[in-house]
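here are the coordinates; sequence isn't available:
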Ligand SMILES: Nc1ncnc2c1ncn2[C@@H]1O[C@H](COP(=O)(O)OP(=O)(O)O)[C@@H](O)[C@H]1O
Ligand SMILES: [Mg+2]
């Protein structure tokens, strides 16, 4: 109960085409994340699924049912917004119960479901308060609670963590992961933060400029990116791209090597270069170096390493983990 | 140190300017009220003096209350003003919501068309309006005045409210839609409370010209039963003799209802602003 099927979804605002033919299948109980740079159409796609925006063409099936003519409230979905979007004049309890009340559920049932959701999210002490009297993290939990109470087939999250500070973001992320395990519900989650995507998703959908670049599990995307865009977007710090010509590889246009797949040595290695900048993060050391053969490289080393700017070092890539791309940016396998 | 001093100086000069402006603005009101309690001789001999034991007189108020149906005029003015404000706010807000919320062909053009009335005075259409009212048999009814004042107030209301409604979060309205609220519920329960300060502003701007208007009551509803306060006071101003006691008393009385209405709206205005600040 909670599968989703999108076929050739297109959406244009006037002459500006925002979604350019999206095909996607989401299985029941899956946690799917849409990730992509700002303005690529993630929110628009989510609003189309919710029925808040009509697609210009294409079909949407929820649970095998075509929903083109079904209003948002009847699609069996719940949505959590980036700006919380709580009703300012209602208490936390009424905020969570409004959807059920509108659907005509009886009072005892609403009471029970709100109590269950509030226990899940530790919102009990705040039930009588209004949104203005809550902190940002509490407001987002209320917004999540409002979604849970509806017991939807499909949860839609639109960048729910981007207004929270770093510590709260990690905590709420864990909470959402826990929620997904407990509710076993289908969830679609939009973010521009690839760390959120990697940590939460069963399946990641990478979008760019209104089109799907690749769909796959986090590790698939990391290990086998389908093209330059995905290769550069997934992983932090981003992959190093080197013109294949410089390294004498006539079969490819661009070569990619992740910063963590390069080793550094002071004595000998493939590419000689000079350290430009070093970032010490404790667990990692990030070294930026200018090499003659491969240009500017980012290298990620585990643990602490006493490199300094202007040190002469040698970098050696792990050839077996190198990615090759053709002139169109597609991966060569 | 010197920074603190200059800011003192600045705030003192600001207060001085505001105080002076308040004095200038309130002086005619003060003069009207003071002189309405004096006898005719005292008004002309020493207009700036406060009423004393021998100059005090309620003759003006007595004339006003005896001559004509002043209570009736008051209730006419109040009815016309309140009902017009109600319709201006209701229809203005609805039009503004449609313009700011829904994408349809000719949206911008429609918005411009609805705001055009801000620049074109409705009095230019007096003859046509009068003909229309005669044709529909609405002459000498309060309905005629209410219709005209609603039309007069709408352009500004649509203009101000649609700007404000654009600032109401889309997410909030969408959350309402997902929870199954109808578009009417979203309008009345989510959007209207959030634009209350703007509604109060529109109400104040709409109210004053209606209350003070002489033109349309004189042309559309000059009958005894439908006279407004402004029109009713005119009986004391003659071409050759003017009963100043009565004029000043009538004006003093006419100030209070607007003052009360204004206080109601401005309280709303301030409450709206502060509740926005802590959200
Ligand atoms: N209501 C709208 N009218 C016109 N253009 C819109 C509207 N909503 C979104 N867009 C455009 O669609 C594009 C994608 O927006 P959005 O889906 O919000 O991106 P994302 O959520 O990925 O950051 C943007 O270029 C934006 O300007
Ligand atoms: Mg977005």
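All right, it came through fine. Note that the structure is predicted; figures quoted are calculated from it, not measured. Ligands and ions are numbered 1, 2, ... in the order given.

what ranges do the helices span in the chain?
Picked chain A for this. Secondary structure of chain A, counting by DSSP state H: helices at A:42-50, A:92-103, A:107-120, A:136-149, A:166-183, A:194-200, A:218-223, A:228-233.

actually it's chain B I care about, not the one you picked
Going by DSSP H, chain B shows helices at B:2-36, B:40-45, B:59-66, B:70-101, B:107-115, B:126-136, B:142-166, B:170-178, B:183-185, B:192-194, B:196-212, B:215-220, B:229-233, B:244-278.

switch those over to a markdown table; also include distance to residue A:149 and mean neighbour count.
Bear in mind the C-beta positions are built from the backbone N, C-alpha and C, glycine included. What follows is the helices of chain B, written out as a markdown table (distance: least, CB to CB, whole Å; neighbours: other CB atoms under 10 Å in any protein chain shown):
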| stretch | distance to residue A:149 | mean neighbour count |
| --- | --- | --- |
| helix B:2-36 | 52 | 11 |
| helix B:40-45 | 71 | 15 |
| helix B:59-66 | 63 | 18 |
| helix B:70-101 | 27 | 20 |
| helix B:107-115 | 36 | 14 |
| helix B:126-136 | 54 | 14 |
| helix B:142-166 | 29 | 22 |
| helix B:170-178 | 12 | 22 |
| helix B:183-185 | 19 | 13 |
| helix B:192-194 | 23 | 18 |
| helix B:196-212 | 29 | 20 |
| helix B:215-220 | 54 | 20 |
| helix B:229-233 | 55 | 22 |
| helix B:244-278 | 27 | 17 |
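
what about the residue in the stretch 1-150 of chain B positioned nearest to ligand 1, neighbour count?
Per CB to the nearest ligand atom, residue B:103 is where the stretch 1-150 of chain B lies closest to ligand 1, at 7.3 Å. Other residues lying near residue B:103 total 7 when counted by other CB atoms under 10 Å in any protein chain shown.

ok, now residue A:130?
Neighbours of residue A:130 using other CB under 10 Å come to 17.

do the same with the one 3 residues further on
Residue neighbour count, defined by other CB under 10 Å, stands at 13 for residue A:133.

show me what contacts it?
Applying CB atoms under 8 Å, 6 or more residues apart in numbering or on different chains to residue A:133 gives the contacts residue A:126.

same deal with residue B:180?
Listed by CB under 8 Å, 6+ apart, the contact partners of residue B:180 are A:73-74, A:99, A:102-103.

tell me which parts of the stretch 1-150 of chain A are close to chain B?
A:47, A:50, A:52, A:71-74, A:77-79, A:81-89, A:98-99, A:102-103, A:131-132, A:146, A:150 (CB under 8 Å from any CB of the partner chain).

report the buried members of these.
A:47, A:50, A:52, A:72-73, A:77-79, A:81-88, A:98-99, A:102, A:131, A:146, A:150 (16 or more other CB atoms under 10 Å in any protein chain shown).

neighbours of residue A:268, how many?
Neighbours of residue A:268 (other CB under 10 Å): 8.

that one - nearest residue in space that isn't next to it in sequence?
In this structure, residue A:268 finds its nearest non-sequential neighbour in residue A:314, 5.5 Å apart by CB to CB, 6 or more residues apart in numbering or on different chains.

what about the one you found, how many residues nearby?
There are 17 residues near residue A:314, going by other CB under 10 Å.

and the pLDDT at it?
We have a pLDDT of 95 for residue A:314.

ok, it - contacts?
Per CB under 8 Å, 6+ apart, neighbours of residue A:314: A:264-273.

for these, pick the one with the most neighbours.
Going by other CB under 10 Å, residue A:273 tops the contacts of residue A:314 with 24 neighbours.

could you break chain A into its assigned domains?
For chain A, the structural domains run A:4-230, A:240-247+A:257-325, going by automatic domain parsing.

of all the ones you listed, which lies closest to ligand 1?
domain A:4-230 (3.1 Å).

pull the number of nearby residues for residue 48.
Since you didn't name a chain, this refers to chain A. 23.

was after chain B, sorry
Quick note: residue B:48 (other CB under 10 Å) scores 9 neighbours.

where does pLDDT dip in chain B?
B:1-6, B:269-279 (pLDDT under 70).

which residue is nearest the middle of it?
A centroid search over chain B (CA atoms, centre = their mean) returns residue B:207, at 1.5 Å, as the residue closest to the centre.

is it true that that one touches residue B:78?
No. Here residue B:207 lies out of contact with residue B:78, judged by CB atoms under 8 Å, at a distance of 10.8 Å.

which residues touch residue 85?
I'll assume chain A. Counted by CB under 8 Å, 6+ apart, residue A:85 has contacts A:143, B:169, B:171-172, B:174-175.

meant chain B, my bad for not saying
Taking CB under 8 Å, 6+ apart as the test, what residue B:85 contacts is B:153, B:203, B:206-207, B:210.

please report the distance of it from residue B:207.
As judged by CB to CB, to the nearest Å, residue B:85 and residue B:207 stand 6 Å apart.

what's near enough to touch the residue of chain A most remote from its centre?
Distance from the C-alpha centroid of chain A peaks at residue A:267, with 40.8 Å (CA atoms, centre = their mean). The contact partners of residue A:267, by CB under 8 Å, 6+ apart, come to residue A:314.

contact partners for residue B:29?
residue B:255.

one more: residue A:169?
residue A:161.

mind running it again at 10 Å?
A:137, A:140, A:160-163, A:193, A:195-196 (CB atoms under 10 Å, 6 or more residues apart in numbering or on different chains).

same deal with residue A:41?
Residue A:41 neighbours (CB under 10 Å, 6+ apart): A:9, A:11, A:17-20, A:22, A:34, A:48, A:207-211.

and residue A:262, what are its bridge partners?
residue A:317 (DSSP bridges).

surely it meets residue A:318?
Yes. Counting by CB atoms under 10 Å, residue A:318 is a contact partner of residue A:262 at 7.3 Å.

next one: residue A:137 from residue B:202, what distance?
Taking CB to CB, one finds residue A:137 at 37 Å from residue B:202.

oops, could you answer that again for residue B:260 instead?
Distance from residue B:260 to residue B:202, by CB to CB: 18 Å.

can you give me the neighbour number for residue A:290?
Neighbourhood size, residue A:290 [other CB under 10 Å]: 12.

hang on, it packs against residue A:311?
No. Look at residue A:290 against residue A:311 with CB under 10 Å: they stay out of range, at 11.7 Å.

please enumerate the shared neighbours of the two.
Joint contacts of residue A:290 and residue A:311 (CB under 10 Å, 6+ apart) are A:273-275.

point me to the residue of the stretch 1-150 of chain B nearest chain A.
Residue nearest to chain A within the stretch 1-150 of chain B: residue B:103 (8.4 Å; CB to the nearest CB).

what sits against that residue?
A:13-14.

quick one: it from residue A:54, how far?
Counting by CB to CB, the gap from residue B:103 to residue A:54 is 11 Å.

over to residue A:160?
Taken as CB to CB, the span from residue A:160 to residue A:54 is 24 Å.

same check, this time on residue A:193
29 Å.

between these two, which is the more surrounded one?
Shown here are residue A:193 and residue A:54; by other CB under 10 Å, residue A:193 has more neighbours (16 against 10).

the more buried one and residue A:159 touch, don't they?
Yes. The pair residue A:193 / residue A:159 is scored as a contact, 8.2 Å apart, by CB under 10 Å.

what is the burial count for residue B:141?
17.

that one: what's it in contact with?
Neighbours of residue B:141 in contact, by CB under 10 Å, 6+ apart: B:133, B:147, B:220-221, B:223, B:225-226.

ok, which pair from the residues you listed is furthest apart?
B:147 and B:225 (17.7 Å; CB to CB).

determine which two of the contacts of residue B:85 are furthest apart.
B:203 and B:210, at 10.6 Å, using CB to CB across the contacts of residue B:85.
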